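Colleague: here's a sequence, model it:
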Amino acid sequence: MRYSIIIPVFNRPDELRELLVSLTRQTYQNFEVLVIEDGSTNKSDEVATEFLTQLDIRYFFKENSGQGFTRNYGFDRATGDYFVIFDSDALIPPHYFSVVNQRLTPEPGSTRPAFDAYGGPDAAHPDFTDIQKAISYSMTSPFTTGGIRGSKKNLGGTYHPRSFNMGLSRTVWETIGGYKLSRMGEDIEFAIRIIDNGFKTGLIPEAFIYHKRRTNFGQFFRQLRFFGRARINISRYFPSELKLVHAFPALFTLFVFSVPVWVVISSVLFCLAVSVLALFSLLILVDAARKEKSLKVGILSVVAAFVQLTGYGIGFLTEGWKRLREPNGFRETGASIEYPS
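Modeller: Residues are numbered from 1 along each chain as shown. Predicted coordinates:
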């Protein structure tokens, strides 16, 4: 099978270079690479040119429209049987496409891939900074909302691929089109539409990528606040997709912010609240330190978990309040659309 790799880029030439280097090391190489520059001021055209002799690569520049519509731009120009989407801040292990190609092999008597759309997990590379490792832990830990990213079934019982590491067949693209949103939960809406149209989705656990995410907690907070807003935005289109568990970070945030109030109300309740947060922090610290074999990463993971949950919770609460006041919902405005991930 031939694959078309779609990479939206926005002001990240250095990260793109690292991603392209990782693609030159693939053991399975029947793929093309489409780099779609989404109105960047810091362009990546020279970086793409560096790889003309190493990859089947094409570079495109377009006006800024956000990552969802930029992926559509790539889909429309792709020549492969299967489209694969990566964020530009990813590194791809050498075995990735060998594993994917093996897992997508059609079942006997069928010409369709085993999955019409798939997703893969993300992990922390050994060379990542301690903060990046802590953020990666937080986003994939069962003790935080990130745990669902690597599970075979998402909430509701069916796997919803996420577009930081996602593939879909040409048939899916030709049948349902591409993204209808360009940000604010565009990958969630896209996955729901794929499933609602009867296509088979699944997780390929071995098809993981190294996802850099953010490099400091300030950036991480802003990213997760955006994710919280996106969950509310999706509920405008698919009300049934907003579940009680999605409100957990918001409840956690309200609980954290209410702790100082308990001092006035009841010292016993204050001590109980502090104890709950301390126990949660200890669980994160021990588990992260064990997995990463680093006490420092364990401590930073506690910070990352609080940043993740409160960032998402604040975004969820503020956008939820906005939805109550503005039922017609989100509108994309402005000359430039920043990428949240």
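Colleague: leaving out the residues flanking it, which one is nearest to Tyr96?
Modeller: Ala207 (5.8 Å; Cβ to Cβ, 6 or more residues apart in numbering). To be clear about C-beta, it is placed using only N, CA and C from the backbone, and glycine gets the same treatment.
Colleague: did I read that right, the one you found in a helix?
Modeller: No: with DSSP: H, G, I helix; E, B strand; the rest coil as the criterion, Ala207 is assigned coil and is not in a helix.
Colleague: where do the helices sit along the stretch 1-150 of the chain?
Modeller: With helices called from DSSP state H, counting those that start in this stretch, the stretch 1-150 of the chain shows them at 13-24, 45-50, 67-75, 96-103, 130-140.
Colleague: quick one, which of those gets closest to Gly120.
Modeller: Closest of the helices of the stretch 1-150 of the chain to Gly120 is helix 96-103, at 7.9 Å (criterion: Cβ to Cβ).
Colleague: avg pLDDT for the lengthiest helix in the chain?
Modeller: Across the chain, the longest stretch assigned as helix under DSSP state H is helix 295-325. The predicted model gives helix 295-325 an average pLDDT of 93.
Colleague: for stretch 123-138, which positions count as buried?
Modeller: Neighbour-count burial for stretch 123-138, with 16 or more other Cβ atoms under 10 Å as criterion, is recorded at 123-125, 128, 130-138.
Colleague: how is this protein carved up into domains?
Modeller: 3-214, 226-325 (automatic domain parsing).
Colleague: returning to what we had before: now the helices of the stretch 1-150 of the chain as TSV including mean pLDDT?
Modeller: Shown next, in TSV, are the helices of the stretch 1-150 of the chain (pLDDT from 0 to 100):
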stretch	mean pLDDT
helix 13-24	96
helix 45-50	96
helix 67-75	95
helix 96-103	96
helix 130-140	91
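Colleague: what about these, which gets the closest to Ser240?
Modeller: Of all the helices of the stretch 1-150 of the chain, helix 67-75 sits nearest to Ser240, with 21.7 Å by Cβ to Cβ.
Colleague: can you list contacts of that closest one?
Modeller: 4, 6-8, 10, 34, 36, 38, 60, 62, 83, 85, 163, 173, 177-183, 186-187, 190, 339 (Cβ atoms under 8 Å, 6 or more residues apart in numbering).
Colleague: filter those residues to the buried ones?
Modeller: Using 16+ other Cβ under 10 Å as the threshold, 4, 6-8, 10, 34, 36, 38, 60, 83, 85, 163, 173, 178-179, 181-183, 186-187, 190, 339 are the buried ones among the contacts of helix 67-75.
Colleague: tell me the pLDDT of Leu55.
Modeller: At Leu55, the pLDDT value in this model is 97.
Colleague: got a list of what Leu242 touches?
Modeller: Leu242 sits next to Arg231, Ile232, Ile234, Ser235 when contact means Cβ under 8 Å, 6+ apart.
Colleague: phi first, then psi, for it.
Modeller: Backbone geometry at Leu242, expressed as degrees, to the nearest 10, gives phi -90, psi 110.
Colleague: tell me how far it lies from Arg323.
Modeller: Using Cβ to Cβ, to the nearest Å, one gets 10 Å for the distance from Leu242 to Arg323.
Colleague: again with Ile92
Modeller: Distance from Ile92 to Arg323, by Cβ to Cβ: 37 Å.
Colleague: ok, the residue minimising distance to the centre of the chain to Glu15 distance?
Modeller: Of all residues in the chain, the one closest to the mean position by Cα atoms, centre = their mean is Phe164, 4.5 Å from it. Noted for Phe164: a distance of 13 Å to Glu15, by Cβ to Cβ.
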